[in-house]
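Q: okay, structure incoming, though there's no sequence with it:
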């Protein structure tokens, strides 16, 4: 490796000390660069130099080496260094105003397709080209996804970096085009290198280790599917865990703790009980919708006896929403949930249940975020996919996080292949929330919002 | 399939007859559409309708079905229908001027990164989104590459379609990012479905059939490598045929006709004697540079005894260029080449050779296209890659095409890994043509251009 | 390689010149062997020496090298040399009589399981151990199958070599245990290295080249399946070609010459129209029975609309049998078949058909070989598998061989999964030939044998 | 599955109640069998019936089903039932004495190759055919290996079952011919289904779980290789764990507990520190010799900088042997080892070491089993492979088992590719133990055995 680096830096130095970039280098007061002293420059400097070289007129094979070098230098940066780099991307690799003005003037005079094309070209930030060239290095795509995750963090610290996120999102959407994804079953014959990622990325219902993993993958009543992308290899981009059951489940513990069956159960229901996006850097490039629908198709083909496709989903916003409700009823319920012994006393739970269900029904069907979409993020996802809110279940998950965020509430969303498209459209058009019979019954029993 | 189509068209009709697109549909005077009568509409109408649906708010799984349908309808079009469709892409799927004007005004007042990002978004033609959605269908990528090839044809007929080529080029460059390519050896254990494409796409030195193919692939002294892309599966995007020899060859026939050796030759030279781009639709998304350099690396690792990496390349522009030269010497040479019996009479060839070599040396080092680049297109490619023009060989190829285009002339370009980058840069910077010792000697013997 | 050989021969010489084998070597009058002069010994001598070494006490890794050497030397032998080698196997690598006598005496006195085991061990010819050790070399299994084919040839020349065939058959049966076979579909995505073997091994209906192959493999109405064995890699041991049709075919030409359909036909019938054993050396280790039944199962699973599984088979013994029949009717028919213009004149064929069918029905149901089995070898195979003789077809194959051997006659054998086992057993128990309705009708029309 | 069973048993019943086997069935007093009541018979009866059917004249496809059934019934047996089955194999599936006597008489009169072949055939126990037919069922080979392991247990209980072990050994040797084995690297990209077997089968230095496994497989300084057989799929038959180090290690803990290095060490030594046979049923069908030599070859090719190939091996018989030695010196040493605080006190260990080494040297070079082979079983294996006893290390392993069996002693065996064959032969010929320089030095210091 050392030899390769030297060779590359040699090239780099030649490139930098020659031609138009020399001035700037000199301007930095470094005097003449040699491979040796460049090797010892800080990562940030090496990264900036490599980016300049990448945008210059070097050959394509050399570009791969320089891109590799740039990504290696990036990997050495700390959070501050990364913010500086993103600022550099924003400030040095934008677009030149003059060509934009010229192109716009032409377009403004005659908004033809040709002028639009020229304007589009003038307007595209140079960093898109830079990112495409960085992507030529082996393994670069995953690293750029990671860089995007870093960027999202950096924007939280410094909102002025936000404009360049569009460029990342634009390119990642193109590279991760749904047509390039490969749906694969993950099971016990899957390489350990992938399985350990499933353990690591499972965040909805954490796994305790390999035995737990095996229970979820390697049993006649379980399935796991993931999307992979050719450029990110072994990385499961998103995965869903499925339990095959006799009926729609109303609690998570029986699924997580069930012993392994000897034979395939007489299942009629597929329960999507955990869906995980693995890579934060792919935010906004969503695959979940497609994953569920493709898995439904795969399961229908393999197990024609399955009749029902349903989730068992958390309600992460319920506790917060409830706490924000005014009115005696809400207050009383909150009190009971926070202080009562419903976790240990089934009879107490039975007494509370009607009120919890009523409030939950209200939460899923009427509570809205400022954007007008459902307040619950998981509801937004499934309803947006065209699923129906089927049934609220309480208490359904006694894990500490679920108690804290949702007082133990869970919900089933039903994926009925015949209704998905219509429901999706109604939801998109006017926010209609499709409801299943059990939830509808709760709503009928409680025509007025609890106050 | 019929059932799927009906289901899709049902969705399509529902989507079209509802909401904002109803008017337009009605405006066409078609009255109420039903699945049945839409099924019988012409392909062009179905394609246009599917595109509208794709840009609307349907679910992602439905998009895949609609995209499939759109591509199937496209496949039914004839050249005229395709031109109409491209015009539709240009005219109906451009960008709205109003948002552009608003975004530009903001940018013009304050050319910040944020305003640039907004302008970029406003300016991106809607057909880019459309093409991305079409690409969601299974096998779509290859079909879109084919659509681009059709577009190039269509532009030749109707240059006013040219502006939308940029959108295709933009997306294809992104999808066919070099980081996604997979270099693979093609040999006798390769599936026949790939091999028949090699036979079909070989256009430099045509193959006569499977036996000829086998000679070129399945022998100790031959190699073939191709780039594949995960989204286009079995399609070899570009491939190179390599002969392993004892010295730099000066004619093509001995390579094409050599009997299969019993054992690996004591080769010290790898000859790239045929490089073929397979897909016209990927014009401008070039892989050749990278292919050659990666193959050099693979061969160096596998066969460390190889010392020389060289092409044996055609000179497709030589005859045309020569015919355009003024002066008695050129005229005399042209005469001799066109009428003399150098093909059948080695002594005649020997007599002519010094003049041919002198003229050829001039052609490769001094003849320029209007752009300033070398006149010979193959020379542009290899010199641009950083290769050196090593030696002119005459007569080297007596195939009718080679005699017609180049009077039988061929040339070796030398890929010296240590010199590639420097030569590439000198060529890009100021057009310097690197020359090998044999060619330099010819130039020394003929310091002045022949006239 | 030269180095390896030298090293091996060094070992070989060390092994030979030391220990108990020295005498024999000396006895040959060769004096002291050196690696150098052994290298120059004839292949036969090297092979014999290697066999001796293999049976001695060398290490296992060395055995692999020596086995490789032995097989290489064997490959150099001509037919005479091979016969000498087989005689050596018979004479020098049998079993010692003394231990056999001792073991038998013990068994005779007390035929216990223990004594039987000892006798079995004493009786096993040493060449079985030798062949097992030869089989340790890479690629040895296929070479030993080839050696067995050579042996079958040699036995025809010299029947006294016959006894050692049992040892080959014994070992090959064990190695090619049906449990080790892998059924695979062969199609256009199969490596060319396998496909060229299909072309070469097809002997029932010869292929004219790759285009013909493609028609038989790569079409919606065709299938091809082969058995592979892990130790013989790419070698298709046996393969069957299948046509998917609308009814039971009565002639081969429409199958061989049909154009490729655009889409899968509405097939209800799978026709096994060509079954080929590839390796003569596996004679007696038959896979055909299993192949057909596994392919039936695969096709039933993939294409549930298939109702009928049937062959279109040659009748290679019909012409010879007919010529041997006495009686005026037979003589008249033979005359008409040999001299009439039924090939060119459909009306003439129509007139002849009833007699041909009657005689053919008799041939398939009553003609017996001396062993009591059906006279027709293909009939023996399919009836033995439990198939029924369904229908005789004439004229069905006008290829020269088929006219010569069977006057153009073909027959369908029907594989009815529900009846196979019963029919197989009845055939094995008392030679009952199961007949289908069409053939039964012919027999009913002709209750008495034609004379 | 139920349907298949019924169908099979139907066949089975048909086969049994018909023909020659009817009497025996009736003789058992069971009256007429029906599928229904056979289904309810005990496993042992079903197994015996299936074996009879397998030896009868059923078709080959039916054989597969019956074999599957037989193996399923076998799996239901307990230890007693298995012993009964083995007795049945011995008593009912031997060989008929009459044909043996006849064949022997002919051989005795004329011991020709032909007569030998006939005798061999007569003598082969019928159970070999039975086992071959059982092996036709899917997955049968591994089950038969398991059956052999059961047999070895059963023989320990009832030595009269021993004679049939030869038949198992005979067939397994043939099926597991070294030529059929596939060497594969096992690493972190290996399927979990294989990796969990590596954890389970590792018995030399137990693994604590997946993290421990990962340390041993997935690091730049570690390798693991296993032999697989095509008929037993995912089952690693034998595997070796390798550490790459800078010198020959003298203790196991540093290898087992070393942290994962960031980069590949500058290793010059490959240490085979754990070799495990997985399947007891393959006893006597040894692969270890070949495994080590092939791994040496693979490592030499991949890492040419490796100079030394060595084991770090236990000495499982040392403690027992030492306890059996007479003489004051041995007694004193034993005392010190059993009671001294050498484990906790390095100075004490230093004082003891010369005596331990002297005694260990004696153990490895002079202690013999009754057969004349080295007393230590691991020594027998490595010395028999041609390795040299390189160096004794003490204390080298403080795991409880190693302290109990070997007082913490370990030894390195050196595999020098250039010396292996000579040392192997000398060891086989006259028991010569090759010793390395360090061990030789110990021996020189202690020319006389300690007493």
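A: Noted; the coordinates are in hand. Since the model is a prediction, treat every value here as computed from it, not as a measurement.
Q: can you give me phi and psi for residue A:139?
A: phi 70, psi 10 (degrees, to the nearest 10).
Q: and what of residue A:416?
A: phi -100, psi 110.
Q: surely it meets residue A:390?
A: No. Contact criterion CB atoms under 8 Å: residue A:416 and residue A:390 do not qualify, at 9.5 Å. Heads up, the C-betas are built off the backbone N, CA and C, glycines and all.
Q: between these two, which is the more surrounded one?
A: residue A:390 (26 against 18; other CB atoms under 10 Å in any protein chain shown).
Q: ok, the more buried one - contacts?
A: Shown in contact with residue A:390 (CB atoms under 8 Å, 6 or more residues apart in numbering or on different chains): A:248, A:310, A:411, A:412, A:413, A:414, A:435, A:436, A:438, A:439.
Q: so how many other residues sit close to the last one?
A: Okay, so that is residue A:439. The tally of other residues near residue A:439 (other CB under 10 Å) stands at 24.
Q: look up how far residue A:413 lies from it.
A: As for residue A:439, its distance to residue A:413 is 10 Å (criterion: CB to CB, to the nearest Å).
Q: before we move on, what about the first one?
A: According to CB to CB, residue A:248 and residue A:413 sit 11 Å apart.
Q: now do the shared contacts for those two.
A: With CB under 8 Å, 6+ apart as the test, residue A:248 and residue A:413 both reach A:310, A:390.
Q: list the buried residues for the helix ranked longest in chain A?
A: The single longest helix within chain A, with elements called by DSSP state H, is helix A:346-366. Of all the residues in helix A:346-366, those buried under the rule 16 or more other CB atoms under 10 Å in any protein chain shown are A:349, A:352-353, A:355-365.
Q: over to stretch A:251-263?
A: In terms of neighbour count (16+ other CB under 10 Å), stretch A:251-263 has its buried residues at A:251, A:252, A:255, A:256.
Q: what is the most widely separated pair among these?
A: Within these, A:251 and A:256 form the most distant pair, 9.7 Å apart (CB to CB).
Q: make JSON lines out of the contacts of residue A:390 and add distance to chain D and pLDDT.
A: Below are those laid out as JSON lines (distance: CB to the nearest CB, whole Å; pLDDT from 0 to 100):
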{"residue": "A:248", "distance to chain D": "28", "pLDDT": "97"}
{"residue": "A:310", "distance to chain D": "28", "pLDDT": "98"}
{"residue": "A:411", "distance to chain D": "33", "pLDDT": "98"}
{"residue": "A:412", "distance to chain D": "31", "pLDDT": "98"}
{"residue": "A:413", "distance to chain D": "31", "pLDDT": "98"}
{"residue": "A:414", "distance to chain D": "32", "pLDDT": "98"}
{"residue": "A:435", "distance to chain D": "41", "pLDDT": "96"}
{"residue": "A:436", "distance to chain D": "35", "pLDDT": "96"}
{"residue": "A:438", "distance to chain D": "36", "pLDDT": "97"}
{"residue": "A:439", "distance to chain D": "40", "pLDDT": "97"}
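Q: which of those residues lies closest to residue C:44?
A: Using CB to CB, residue A:310 comes nearest to residue C:44 of the contacts of residue A:390, at 76.0 Å.
Q: just confirm residue A:244 is within a helix.
A: No. Read with DSSP: H, G, I helix; E, B strand; the rest coil, residue A:244 is strand and lies in no helix.
Q: that one: how many residues sit nearby?
A: Residues lying near residue A:244 (other CB under 10 Å) number 22.
Q: correct me, but residue A:127 touches residue A:93?
A: Yes. Residue A:127 lies in contact with residue A:93 (CB under 8 Å); the separation is 3.7 Å.
Q: neighbour count: the two, which is higher?
A: Neighbours were counted for residue A:127 and for residue A:93 using other CB under 10 Å; residue A:127 has more, 24 against 20.
Q: next, the more buried one: secondary structure please.
A: Applying three-state DSSP to residue A:127 yields a three-state assignment of helix.
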